[in-house]
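Student: the following comprises the amino acid sequence and a computationally predicted model.
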Amino acid sequence: MTDRDQPTVDAVIAARDEGLAALQAAPDLDALDAAKRTHMGKRSTLASLQRGLGTLDDAERREVGRALNEAREALAEVEARSRQALEAERDRVQLAAEAVDVTLPPRTPPRGALHPVLETIDALLDAFTGLGYTPVTGPEVESEWHNFEALNIPADHPARGLMDTIYVQGLGAEPDQVGITPMLLRTHTSPVQARVLRTQEPPVYIVVPGRVYRSDVADATHLPAFHQIEGLAVDRSLSFADLRGTLAAAVRSLLGPDVPIRLRPHHFQFTEPSCEVDAYYDGHWMELLGAGMVPPNVLSACGIDPDAWQGFAFGMGPERLAMMRHGVTDIRQFVDGDLRFLSAQTTVSP
Ligand code: DAH
């Protein structure tokens with residue numbers, strides 16, 4: 001036993017106060033456990049003072065023994081109170097960390113949107129299916145025969161040159177009387193006219209959306225790959241008036257009920273007479289599409305009796321329409337993939 005542990009009331013009070021201060025100052029439960037071990041445990045000053053009681057005479061022992069009891073009670077009480085407070089604090093912190101704020105608005109992922117060209121194709125298909133047309137598709141790698149010959153564009157015709165055709169390697173097998181022909185990336189959706197007419201009995205009312213290719217360099221108004229929508233109607237006694245009415249209805253449903261259209265005479269190899277159709281939009285006439293009556297030799301090349309059936313056809317570029325509807329001035333923006341451009345496009349309705 002050291003001097004310091006000589007059991008006196010003063011020594012007990014000093015050890016008690018030291019212990020009380022440590023217990024009260026403990027910032028967390030670990031510190032409290034440590035303080036408890038130090039000041040209330042078997043190796044605490046109080047315990048060693050207790051062990052020294054035997055060296056005292058009776059009167060001193062009673063006095064110091066009472067002080068020891070009071071000190072232990074005081075320490076136990078303060079330790080219990082501290083523990084309670086620290087446990088409550090620990091629970092509060094944990095609950096706060098685990099809390100779910102049910103009033104927070106949900107995190108909504110950014111919403112995708114249809115590409116403006118696809119949106120325009122959808123709108124066009126809606127307009128034409130509403131008029132009784134059925135959408136069909138055809139191959140992008142097409143035979144020269146379907147792309148040109150079947151549409152009245154023979155090998156030596158200058159119209160072929162205007163198409164800037166991309167040929168692909170290899171040859172395709174074609175209908176019996178044609179045999180083997182070179183293959184190409186279709187320059188327009190018109191070859192699907194021939195495909196449908198050769199396999200389907202009239203009456204025929206189809207619209208053909210799809211991608212087409214030209215060996216053009218991209219600039220503000222041209223892309224080497226773009227879209228077209230072709231239309232073909234073959235029925236008994238169809239006239240140019242039916243063509244005009246059909247196109248006027250489609251343009252109205254696409255651009256608005258009051259948009260006027262005008263037909264200008266034009267030339268296409270696979271229609272006669274032919275025209276181009278403009279719509280008056282945003283203060284000027286905009287060229288929208290080409291169209292015309294299907295000539296008898298195109299019908300008969302596809303095995304259809306031109307005395308019994310008449311047809312009209314039309315073709316248009318959804319990119320151009322999408323530029324009008326979305327106020328886009330450079331067609332390349334449609335293929336840049338710039339999300340700032342794409343997410344700024346909102347769906348338009350006339
Ligand atoms: N195929 C033509 C082009 O690419 C567009 C076209 C014009 C299609 C007149 C037609 C039509 O069906 O009748 O320029």
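Tutor: On my side now, so go ahead.
Student: name the SS class of residue 335, please.
Tutor: helix (DSSP: H, G, I helix; E, B strand; the rest coil).
Student: closest point of the protein to the ligand, which residue?
Tutor: Nearest residue of the chain to the ligand: residue 315, at 2.4 Å (C-beta to the nearest ligand atom). C-beta coordinates here come from the backbone N, C-alpha and C atoms, glycine included.
Student: wait, is that residue part of a helix?
Tutor: No - under three-state DSSP, residue 315 sits outside any helix and is assigned strand.
Student: OK, contacts around the closest residue to it other than its chain neighbours?
Tutor: Distance criterion C-beta to C-beta, 6 or more residues apart in numbering; nearest residue to residue 315, sequence neighbours excluded, is residue 230 at 4.9 Å. Applying C-beta atoms under 8 Å, 6 or more residues apart in numbering, one finds that residue 230 lies in contact with 188, 189, 190, 192, 193, 206, 207, 208, 210, 313, 314, 315.
Student: what separation do you get for residue 230 and residue 320?
Tutor: Separation of residue 230 from residue 320 (C-beta to C-beta, to the nearest Å) stands at 15 Å.
Student: could you do residue 128 as well?
Tutor: 17 Å.
Student: how about residue 298?
Tutor: 25 Å.
Student: what's the answer for residue 263, then?
Tutor: 17 Å.
Student: quick one on the thing from earlier: quick one, which of residue 298 and residue 320 is more surrounded?
Tutor: residue 298 (24 against 19; other C-beta atoms under 10 Å).
Student: surely that one and residue 151 touch.
Tutor: Yes - between residue 298 and residue 151 there is a contact under C-beta atoms under 8 Å: 6.7 Å.
Student: quick check: neighbours shared by those two?
Tutor: With C-beta under 8 Å, 6+ apart, residue 298 and residue 151 have common neighbours 193, 194, 270.
Student: filter the residues you listed by proximity to the ligand?
Tutor: When C-beta under 6 Å from any ligand atom is applied, no member of these is adjacent to the ligand.
Student: could you identify which of those has the most neighbours?
Tutor: residue 193 (28 neighbours).
Student: show me which helix runs longest in this structure.
Tutor: Assignment by DSSP state H gives helix 58-98 as the longest helix of the chain.
Student: right, quick check: the helix or strand just after that helix against the ligand, any contact?
Tutor: As assigned by DSSP states H and E, the chain's next helix or strand after helix 58-98 is helix 116-130. No - against the ligand, helix 116-130 shows no contacts by C-beta under 6 Å from any ligand atom, the least distance being 13.1 Å.
Student: any chance you could list what contacts helix 116-130?
Tutor: Residues contacting helix 116-130 (C-beta under 8 Å, 6+ apart): 113-114, 135, 207, 209, 227, 229, 231, 249-250, 253-254, 316, 318-319, 321-322, 325-326, 328, 334, 342, 345, 347-348.
Student: of those, select the buried ones using a PyMOL command.
Tutor: Under the burial definition 16 or more other C-beta atoms under 10 Å, those of the contacts of helix 116-130 that qualify are selected in PyMOL by:
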select buried, resi 207+209+227+229+231+250+253+254+316+318+319+321+322+325+326+328+334+342+345+348
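Student: from the contacts of helix 116-130, which land in helices?
Tutor: 249, 250, 253, 254, 318, 319, 321, 322, 325, 326, 334, 342.
Student: looking at the sheet around residue 227, what are its partners?
Tutor: residue 211 (DSSP bridges).
Student: which residues touch it?
Tutor: Here residue 227 is in contact with 117, 121, 209, 210, 211, 212, 317, 318, 319 (criterion: C-beta under 8 Å, 6+ apart).
Student: nearest to residue 182, of the residues you listed?
Tutor: Taking C-beta to C-beta as the measure, residue 182 sits nearest to residue 212 out of the contacts of residue 227, at 17.2 Å.
Student: gap between the two ends of stretch 47-57?
Tutor: 19 Å (C-alpha to C-alpha, to the nearest Å).
Student: quick one: residue 153 is in a helix?
Tutor: No - Residue 153 is assigned coil when assessed by three-state DSSP, not a helix.
Student: wait, it sits on residue 165?
Tutor: No - at 10.6 Å, residue 153 does not count as touching residue 165 under the criterion of C-beta under 8 Å.
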